[in-house]
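Novice: sequence plus the predicted model coming up.
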Amino acid sequence: MKILVCGLPGSGKTWLSERLVKYIDNCAWYNADVLRKYSNDWDFTLEGRSRQAKRMKTFAEFESKNGRLVICDFVAPTQKVRDDFDPDFIIWLDTIKEGRVVESKLNDLKKIKNLPFDANSLYKSKAFEDTNKIFEKPKKVNKHIKNFLQDEKIKKIAKEIQNNV
């Protein structure tokens with residue numbers, strides 16, 4: 001089963017995914033920034049985002065074929081990008097109005113060598129303005145989360161996911 005955790009930058013996708021994977025047996029987790037780093041692909045055009053979704057799908061399908069559930073967390077800003085990934089279960093984190101960089105993410109980006117942009121500029125500017133403009137609210141989701149969750153609620157979502165397998 002391919003699980004997509006999507007939402008604007010800074011909405012808590014990675015935070016939630018990191019916790020969910022602890023409560024789901026035999027579960028893999030892929031983060032978009034990590035895959036971008038190892039692919040050295042920092043293209044955020046629609047074409048680049050589509051390519052990233054297909055890359056995430058390839059990893060997710062590998063895990064699924066080997067009997068694991070897999071969580072992939074990435075913005076997935078348009079319906080086309082979500083269709084390119086083709087998730088079995090969608091969790092939409094609708095927790096913020098505009099994409100933003102959180103300090104921990106900024107620190108992670110600063111550690112990556114040869115970024116085609118200055119990581120500090122993300123924090124100082126409206127770097128996600130393009131993402132904010134193109135983000136399309138998902139029409140069909142399995143979980144629509146509007147606030148940050150306590151562990152008990154995360155455990156319930158994990159159980160629901162496992163029951164849907």
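Specialist: That came through, no problem. Numbers count the residues shown, from 1 in each chain.
Novice: for this structure, which spans come out with low pLDDT?
Specialist: For the chain, the stretches with pLDDT under 70 are 99-128.
Novice: if we go to 50?
Specialist: For the chain, the stretches flagged by pLDDT under 50 are 123-126.
Novice: ranges for the strands of it?
Specialist: Per DSSP state E, the chain carries strands over the ranges 2-7, 27-31, 69-73, 89-93, 143-145.
Novice: may I see the ones you listed arranged in TSV, with distance to residue 53 and mean neighbour count as well?
Specialist: For the C-beta atoms, the positions are set from N, CA and C on the backbone; glycine is no exception. TSV is the format used below for these (distance: least, C-beta to C-beta, whole Å; neighbours: other C-beta atoms under 10 Å):
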stretch	distance to residue 53	mean neighbour count
strand 2-7	9	25
strand 27-31	12	19
strand 69-73	9	27
strand 89-93	13	22
strand 143-145	19	16
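Novice: take the ones you listed and lay them out in a markdown table including distance to residue 129.
Specialist: Below are those laid out as a markdown table (distance: least, C-beta to C-beta, whole Å):
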| stretch | distance to residue 129 |
| --- | --- |
| strand 2-7 | 16 |
| strand 27-31 | 23 |
| strand 69-73 | 21 |
| strand 89-93 | 19 |
| strand 143-145 | 24 |
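Novice: now do the helices in the chain.
Specialist: Using DSSP state H, the helices found in the chain span residues 13-23, 32-39, 46-65, 79-85, 103-110, 119-124, 129-134, 151-163.
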